[in-house]
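**Student:** Need a 3D model of the following:
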Amino acid sequence: MDTAIADVGQWIPRLDGVLVGPGLGRDRQIIEACSQLIVKAASEGMPVLLDADGLFIVTSALRAPGLRVCIAQIDREAAKTELIDLSHAEHDVTESQQQLLNSLQAAFVTLTPNKVEFERLCKAMGLAKEGDDPFSNAELLAPSVASRIGRNAVVIVKGARDIITDGTSTVVCDTAGSPRRCGGQGDVLAGLLLAFKVWAHEALAESYGSETIEARITKIQENPLMSKIRLACAFAACEVSKECARRAFQKKKRAMLASDVLQELGLSFNAIFPLEEEEQASWEDDWILETDLTMYCAATVPTCLKQPRPAFFLPASLSDLNLLRRGYIILL
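**Tutor:** Numbering: from 1, shown residues only. Okay, the predicted model is just below:
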């Protein structure tokens, strides 16, 4: 296993982001190896996304009784001081599990639980007991889950209404999707989300020049618009994913598969974020005058306007996010 970790680990610094979970499985050695690779990715300051069995890795670590102090510390950072009773845990914490949760406290990590996965997370954190239905209170509980995972964490509770939170602010994407939920649909969202996060992360990192990884991480964390950026990436991915599913269901109805959802990606993306040349030219000349939006990273405007790299625009107020629905993020 050590050889496998070393072989894969050497590639991580060359990656733009890491998605862990879909199709992973729960073999003990795989879980152990992936825990260490997540720690490595987090230390490089890159976006990390945990879905499916990636969430199982985190939930298993949270259930360990040795993590009482760790979780209590996260609560203090979130202006909470209560200790969490983890006496029901099924196993002791391992060194890799402790390292994993410690690394997530500062990582640019996003968790995308469905109903069952969210319930497991809440119970592992002591936010819900057996017999409770935390999913019905997702808008209240999700911020606590995010803040306990880490100060840069985002949680997306998937459903008919996607609850998106970074522990401080919460937005809801209730765009109409598909009445059918097929296997693999969450994987489509995970891939979209990582793409948006990487685009935004790279634009920020490049604006800070050739500084060390540690210096760039610190500056990104301290960026006053980082909260808006995290939520914007998540909302954009949810919006595109739901539009893909809606279009796929219109064509295939109950026979819709995840592959059908993928085939709608190009048209759905362009419908929400059009890339026509004439629109790009008009934005380059007078985007400040014709939009009521604020760019999160003004230093990269000239580069973003002249190259096929996305530039994210955000509304001046987070309260406007759910009103703007479409077009509140423009990709140039």
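
**Student:** I'd assumed residue 112 was in contact with residue 50.
**Tutor:** Yes. Here residue 50 lies in contact with residue 112, judged by C-beta atoms under 8 Å, at a distance of 7.4 Å. For every residue, glycine as well, the C-beta is placed using N, CA and C.

**Student:** quick one: secondary structure of the residue nearest the centre of the chain?
**Tutor:** For the chain, the residue nearest the mean C-alpha position is residue 110 (3.0 Å; C-alpha atoms, centre = their mean). Secondary structure assignment for residue 110 (DSSP: H, G, I helix; E, B strand; the rest coil): strand.

**Student:** Please name the nearest non-neighbouring residue to it.
**Tutor:** In space, and not counting its chain neighbours, residue 110 is closest to residue 154: 4.5 Å by C-beta to C-beta, 6 or more residues apart in numbering.

**Student:** wait, isn't the one you found in contact with residue 166?
**Tutor:** Yes. With contact defined as C-beta under 8 Å, residue 154 reaches residue 166; the gap is 5.0 Å.

**Student:** quick one: common contacting residues for those two?
**Tutor:** Taking C-beta atoms under 8 Å, 6 or more residues apart in numbering as the criterion, residue 154 and residue 166 both touch 146, 230-231.

**Student:** I'd like the list of the residues you listed that fall within helices, please.
**Tutor:** Among the shared contacts of residue 154 and residue 166, DSSP state H puts 146, 230-231 in helices.

**Student:** May I see these organised as CSV, with pLDDT, neighbour count and distance to residue 43 added?
**Tutor:** As requested, these are arranged in CSV below (pLDDT from 0 to 100; neighbours: other C-beta atoms under 10 Å; distance: C-beta to C-beta, whole Å):
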residue, pLDDT, neighbour count, distance to residue 43
146, 96, 26, 21
230, 85, 25, 19
231, 89, 22, 24
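
**Student:** Same list (the residues you listed) but as a markdown table, adding distance to residue 260.
**Tutor:** As requested, those are exported to a markdown table (distance: C-beta to C-beta, whole Å):
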| residue | distance to residue 260 |
| --- | --- |
| 146 | 32 |
| 230 | 30 |
| 231 | 29 |
